[in-house]
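Enquirer: turn this into a model:
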Amino acid sequence: MSVDGFRLTVVGCAGSYPGPASPASCYLLEADGPDGEGGTRTWRILLDLGNGALGALHNHADPLEIDAVLVSHLHADHCLDLCGYYVLRKYHPTGAQPRIPVWGPDGAADRLARAYDLPLDPGMTEEFDFREYPASADEAVEVGPFRIEAHEAYHPVTAFALRVSAAGRTLAYSGDTAPCRGLEHAASGAHLLLAEAAFRSVDENPPGVHLTGADAGATARRAGVEQLVLTHVPAWFDPLDAYDEAVTEFDGPTWVASAGAVYSV
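Expert: Numbering: from 1, shown residues only. Predicted coordinates for the structure are as follows:
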């Protein structure tokens, strides 16, 4: 891989459930870094692994070459394909695979064991090394060249906005959140903001759940980001509505995510 900074591939971007054109949320980040043996290699992490995303991941990377999964929150459209990933890593014909880190909110291991109807002990802990995000966003998670900060977001369940840095560049990922200070901190000065836009400003929306396109654009403007990618638009809305709202608030480069799209951060 030879790009400046690092690469974002949209594996899935449908909001709330898999849509006709995309699986639910999953984003592949790739960056070159030391291999621990004096050379370099490409490191790969996933931001979320929502329902329907594991199959599509095969089109972009070998699922056995993922180095870590970072889960923003435990709603099905952001984590449920970890069940299939558990099966792949446990029963792959090349043999059981080494455990990989799965970072997420408290309770992730039990949540996923119940989802697959496994006993809580061992659940999926022989395949995944479940880890909670640090209590403070000032304490970063490190995976190869990636440095990840988790900032608490505003959603009906415990959720995090993620700030990911590598090769001198930074991506901010909203996860699912309403406007909040945690998102602003995660996005501050980012080179790319990957922001959900599940709501529309013209509708009467419940509080504390999602961003509108206008919210995403305003966040990008206040945070001073370079470029904005809108995502997590449900199939019942036209994604261009989110775009039209966002560009009224943010005049930098703006795109609507689509499955398979690739961006240089």
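
Enquirer: ranges for the helices of the chain?
Expert: Listed in chain order, the helices of the chain (DSSP state H) span residues 53-57, 76-79, 82-91, 108-115, 181-187, 213-223, 239-246.

Enquirer: nearest the middle, which residue of this structure would you pick?
Expert: L47 (2.9 Å; CA atoms, centre = their mean).

Enquirer: residues in contact with that one?
Expert: Taking CB atoms under 8 Å, 6 or more residues apart in numbering as the criterion, L47 is in contact with 25-27, 29, 70, 72, 162, 164, 173, 194. For the C-beta atoms, the positions are set from N, CA and C on the backbone; glycine is no exception.

Enquirer: please redo it, this time with the cut-off set to 6 Å
Expert: L47 is in contact with 27, 70, 173, counting by CB atoms under 6 Å, 6 or more residues apart in numbering.

Enquirer: so what's the second one closest to, chain neighbours aside?
Expert: Put plainly, it is L70. W103 (4.8 Å; CB to CB, 6 or more residues apart in numbering).

Enquirer: contacting residues around the one you found?
Expert: Residues in contact with W103, defined by CB under 6 Å, 6+ apart, are 70, 131, 133, 141.

Enquirer: again, only using 10 Å
Expert: W103 is in contact with 45, 68-72, 129-134, 141, 143, 148, 150, 160, 162, counting by CB atoms under 10 Å, 6 or more residues apart in numbering.

Enquirer: and which of the contacts of L47 is nearest to H58?
Expert: Y27 (15.5 Å; CB to CB).

Enquirer: can you list the low-confidence ranges for this protein?
Expert: When residues are selected by pLDDT under 70, those of the chain lie in 1-4.

Enquirer: what about the strands in it?
Expert: In order along the chain, the chain carries the following strands (DSSP state E): 7-12, 26-34, 40-47, 68-70, 100-104, 128-132, 141-143, 146-152, 160-166, 169-173, 192-196, 227-231, 254-256, 262-264.

Enquirer: out of the ones you listed, which is the most enclosed?
Expert: Between these, the one whose residues have the most neighbours on average, counting mean count of other CB atoms under 10 Å, is strand 192-196 (a mean of 30).

Enquirer: check the offset of that strand from the chain's centre.
Expert: Taking CA atoms, centre = their mean, to the nearest Å, one finds strand 192-196 lying 10 Å from the centre of the chain it belongs to.

Enquirer: with stretch 147-155 instead?
Expert: Centre-to-centre, stretch 147-155 and its host chain are 11 Å apart (CA atoms, centre = their mean).

Enquirer: could I get the CA-only coordinates of that stretch as CSV?
Expert: What follows is stretch 147-155, C-alpha atoms only, in CSV (Å, rounded to 0.1, in the frame of the first residue of the first chain):
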residue,chain,number,x,y,z
ARG,A,147,-3.3,5.6,17.9
ILE,A,148,-7.0,5.6,18.9
GLU,A,149,-8.7,7.9,21.4
ALA,A,150,-12.3,7.0,22.5
HIS,A,151,-14.4,10.1,23.4
GLU,A,152,-17.8,9.4,25.1
ALA,A,153,-20.7,10.2,22.7
TYR,A,154,-24.4,11.0,23.3
HIS,A,155,-26.6,8.0,22.4
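
Enquirer: how close does the residue nearest to L8 when sequence neighbours are not counted sit to P122?
Expert: If the residues on either side of it in the chain are set aside, L8 comes closest to Y263, at 4.5 Å by CB to CB, 6+ apart. As defined by CB to CB, to the nearest Å, Y263 lies at a distance of 38 Å from P122.

Enquirer: on that earlier part again, distance to D117 added to the contacts of L47, as TSV?
Expert: Formatted as TSV, those follow (distance: CB to CB, whole Å):
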residue	distance to D117
Y27	28
L70	25
Y173	30
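
Enquirer: from these, which is closest to L240?
Expert: Using CB to CB, Y27 comes nearest to L240 of the contacts of L47, at 21.1 Å.

Enquirer: the closest one touches R44, doesn't it?
Expert: No. Counting by CB atoms under 10 Å, R44 is not a contact partner of Y27; they are 11.2 Å apart.

Enquirer: which residues are in contact with both of the two?
Expert: Residues touching both Y27 and R44 by CB under 10 Å, 6+ apart: T9.
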